[in-house]
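> Below is the structure, and that's it, no one-letter string:
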């Protein structure tokens, strides 16, 4: 640590943020005092930052997919979610235009579409007449978002009773029932189920509406059935069954290099039957039965295994696939073997050529080219004693067929306070018979803990497995997204991981998404929040944007801390020579620093400073989505030795232009 202190010229003070339980220390250097020195040895590269260092972790929690990233706007389209009938309503489905007791809405199991869709809606429109429509409406996930001059793709299955001869009309409406779209009329005749499609276009002069609805109604008296109603707005890359554009834009800005999917608790489920059964998520959406999410609501599985892989393709990410590993409910041995085969089939679906059984299935599903898959994780948070035997069974089978695949063990290292280098990776992961290629650790902590643990990975044995920090977050702030204090903790934690990129080869914040509507979320702090119309990034989101945008591939030698609650790292882009200095000033005062770059070559006098700062308790929201965002300004008088003041409560990047090493 290159810190020199003139005790006769310095004042020390304490600022207590009682509501967060954090003690913030600050140093106020008097004029003429010796500044803390940040010495960056540009000739000493202590680690290489791998190409997959920062990525995404996702699972169906907080309505991350249904009601979130997945573009489908109709809630409970397959009618498989358990709903309690109440006043002519089944969850998001309701009867509209009722005028007589004979009009009604019911769930009908007597007219199944297929095995995955055993129930339909029966609409009794006895009082329908010209000028008097009766039908059914779907209010979506806390409202169907309607934007001006937008094309919505509608599809549904319908059939009619013998007494029904009229057309059905579909339209987009405000919550009060006033129509705002061109209506699409389709003729439904008695007979078997038939699929209908239409495009609904909103006018250009409307204001955006968050709480719209879709109606399918008739002015002809009679009985008809509908099921598998689907409505899609424009999607990312215009993919059918695709993703919400604004959320994909926010993910793209993070520059992620991998996607760990399908999660999390969502992978394991609450039982064998409610696990993520990837084979049930393939093929037409109408043939996917869906399943209960472990987070208390129904998952449509519209976001299926192929959709995850396409998500990777769309954002240039590598898939990191989690395979179900028995989850402590299936013992190793003969009973577990079918699930081991499922994992082998899952890998083949992603990577196999079109002559292999599952590669051919992928081609039939519309993607003949194989995907690049290098990492497979066995389970999620599998820290029970029986994981060793289950892990070994999966490990041996996968390595035998796919020897180049890197296998991740789903464990967590517990720091017992032992001396640096004394940690037993295999014991901590509950794996002793096989050494994993990579070990997955998860950390959810307070900002105070993040500051205290910034050097955690310095202590890791370089001879042990590489580390994948597959879930991490600083848990500060009110639901549903974190505040600036959390972003400071996250910045310090990312500094610790970046400085140790030789050990921490991959890392991902979690959870990624949260629908902010009441009752939609199950987790306190999440990276990105949204409602039906709007979305925003938390301060923690923007801290990640900074780190991932200004990364570099060489970690330079620097002290981790040169003043209380002040943390630093430095990287360099070996191609361009640019140096990125990252600093977290968690104190409540400006921190002046003397920056020294001995050995630097041809530094340009002008650089950039990008600062994310704000009061610790402040955050972003739907109403103030850009309250705390990075601010960029020019950095003048850059040289081998210069002074710089870092803003209070800030995450800062200094970008310095220099010649590449050797030039």
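Cool, the structure landed. Just so you know, these numbers come straight off a predicted model, no measurement behind them.

> Do you know the pLDDT at the residue most central in space within the chain?
A centroid search over the chain (CA atoms, centre = their mean) returns residue 512, at 3.0 Å, as the residue closest to the centre. Residue 512 is assigned a pLDDT of 98 by the prediction.

> my guess is it contacts residue 56, does it?
Yes - counting by CB atoms under 8 Å, residue 512 touches residue 56, with 6.0 Å between them. Where C-beta positions appear, they are placed from N, C-alpha and C, glycine not excepted.

> Can you give me the neighbour number for residue 295?
21 (other CB atoms under 10 Å).

> residues touching it, list them.
Contact analysis of residue 295 by CB atoms under 8 Å, 6 or more residues apart in numbering lists 60-62, 265-266, 522.

> quick one: which of those is nearest to residue 488?
For residue 488, the closest of the contacts of residue 295 turns out to be residue 62, at 23.4 Å, with distances computed as CB to CB.

> quick one on the thing from earlier: can you redo the contacts of residue 295 as JSON lines with secondary structure?
What follows is the contacts of residue 295, written out as JSON lines (DSSP: H, G, I helix; E, B strand; the rest coil):
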{"residue": "60", "secondary structure": "coil"}
{"residue": "61", "secondary structure": "coil"}
{"residue": "62", "secondary structure": "coil"}
{"residue": "265", "secondary structure": "helix"}
{"residue": "266", "secondary structure": "helix"}
{"residue": "522", "secondary structure": "coil"}
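
> Out of these, which is nearest to residue 128?
Proximity of those to residue 128, judged by CB to CB, is greatest for residue 60, which lies at 38.4 Å.

> count of neighbours near that closest one?
For residue 60, the number of neighbouring residues by other CB under 10 Å comes to 30.

> before we move on, what about residue 203?
Using other CB under 10 Å, the number of residues around residue 203 comes to 11.

> if I look at the nearest residue to residue 233 once chain neighbours are set aside, how far off is residue 526?
Nearest non-adjacent residue to residue 233, counting by CB to CB, 6 or more residues apart in numbering: residue 152, 5.7 Å away. Here the criterion is CB to CB, to the nearest Å. By it, residue 152 lies 28 Å from residue 526.

> Which phi and psi values does residue 370 adopt?
Residue 370 adopts backbone torsions of phi -70, psi 160, taken as degrees, to the nearest 10.

> Do I have it right that it meets residue 358?
No - with the criterion set as CB under 8 Å, residue 370 and residue 358 do not qualify as a contacting pair; they are 10.5 Å apart.

> what about the residue nearest to residue 233, distance to residue 195?
With distances defined as CB to CB, the gap from residue 152 to residue 195 amounts to 17 Å.

> and if you look at residue 516?
In terms of CB to CB, residue 516 sits 34 Å off from residue 195.

> With residue 122 instead?
If you go by CB to CB, the gap between residue 122 and residue 195 works out to 18 Å.

> Could you check which of the two is surrounded by more residues?
A side-by-side neighbour count of residue 122 and residue 195, using other CB under 10 Å, places residue 122 first with 19 against 12.
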